[in-house]
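Novice: Give me coordinates for this.
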Amino acid sequence: MKAELEKTLAILKAGGVIAYPTDTLWGLGCDASQPEAIEKIFAIKGRQRDKSLIVLIDDINKLQDYVVEVPAVAWDLLEQVDTPLTIIYPQGKNLALNVLATDGSVAIRIVKEEFCRNLIRLLKNPLVSTSANFSGEAAPMSYRKIKPEVLEKVDYAVNWNRDTINSVSPSSIIKLGLGGEIELLR
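Specialist: Model (predicted):
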């Protein structure tokens with residue numbers, strides 16, 4: 001794993017886009033602090049710029065580094081959940097502006113997959129995460145389900161868990177308001 005982490009880390013630090021396994025499915029990702037790399041992801045997917053992206057972090061304690069104010073209910077949800085959960089927080093910070101939604105909110109998931117956690121820890125920045133497909137198409141649950149046309153556009157496809165088929169569906173997504181309002185989106 002160490003050699004693969006080092007190779008992937010070099011790509012990310014250089015502003016590259018990777019295809020990589022997450023705790024839910026195969027994704028496209030980049031350093032969430034690099035706006036040019038984020039633009040590459042929008043271009044690869046053919047995704048509208050007003051559709052925000054998910055950001056992955058490796059530790060619940062880092063949440064306050066990227067969210068202006070974490071609503072109290074978020075801590076309760078994160079402590080109780082045992083399946084992947086993406087929470088949209090009202091105001092993001094310390095991230096590239098183009099990873100935030102037009103209203104300034106940010107979608108963050110604390111990833112549990114070993115490779116991702118280690119990669120984020122070494123990068124010392126969150127990773128952008130979006131499914132490794134063209135916008136509007138089915139999300140790939142395994143490396144083999146990624147279209148070759150998508151893989152041709154990334155800077156690197158991680159050589160880790162390529163033969164594993166994820167049985168987990170995409171994460172649940174909830175949106176929190178500053179007053180603790182909760183809206184289930186997926």
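
Novice: For Arg186, give its distance to Ala107.
Specialist: Distance check for Arg186 against Ala107: by Cβ to Cβ, to the nearest Å, it reads 11 Å. Every residue, glycine included, has its C-beta placed from N, CA and C.

Novice: If you count surrounding residues, which of those two has more?
Specialist: Just comparing Arg186 and Ala107: by other Cβ atoms under 10 Å the higher neighbour count belongs to Ala107, 23 against 9.

Novice: what's the pLDDT at Asn159?
Specialist: If you check Asn159, the pLDDT there is 92.

Novice: check contacts around it.
Specialist: Contact analysis of Asn159 by Cβ atoms under 8 Å, 6 or more residues apart in numbering lists Glu4.

Novice: Next, show the common contact partners of Arg186 and Ala107.
Specialist: Taking Cβ under 8 Å, 6+ apart as the contact criterion, the common neighbours of Arg186 and Ala107 are Ile173.

Novice: Name the SS class of the most centrally placed residue in the chain, please.
Specialist: The central residue of the chain, meaning the one whose C-alpha is nearest the mean C-alpha position (Cα atoms, centre = their mean), is Ser129 at 2.4 Å. Reducing the assignment to helix, strand or coil with DSSP: H, G, I helix; E, B strand; the rest coil, the entry for Ser129 is strand.

Novice: so where's this structure shaky on pLDDT?
Specialist: By pLDDT under 70, the weakly predicted segments of the chain are 164-170, 180.

Novice: now the helices for this structure?
Specialist: Read by DSSP state H, the chain holds these helices, from start to end of the chain: 2-13, 35-45, 63-66, 72-80, 114-123, 148-151.

Novice: So which of those is nearest Ile182?
Specialist: helix 72-80 (6.6 Å; Cβ to Cβ).
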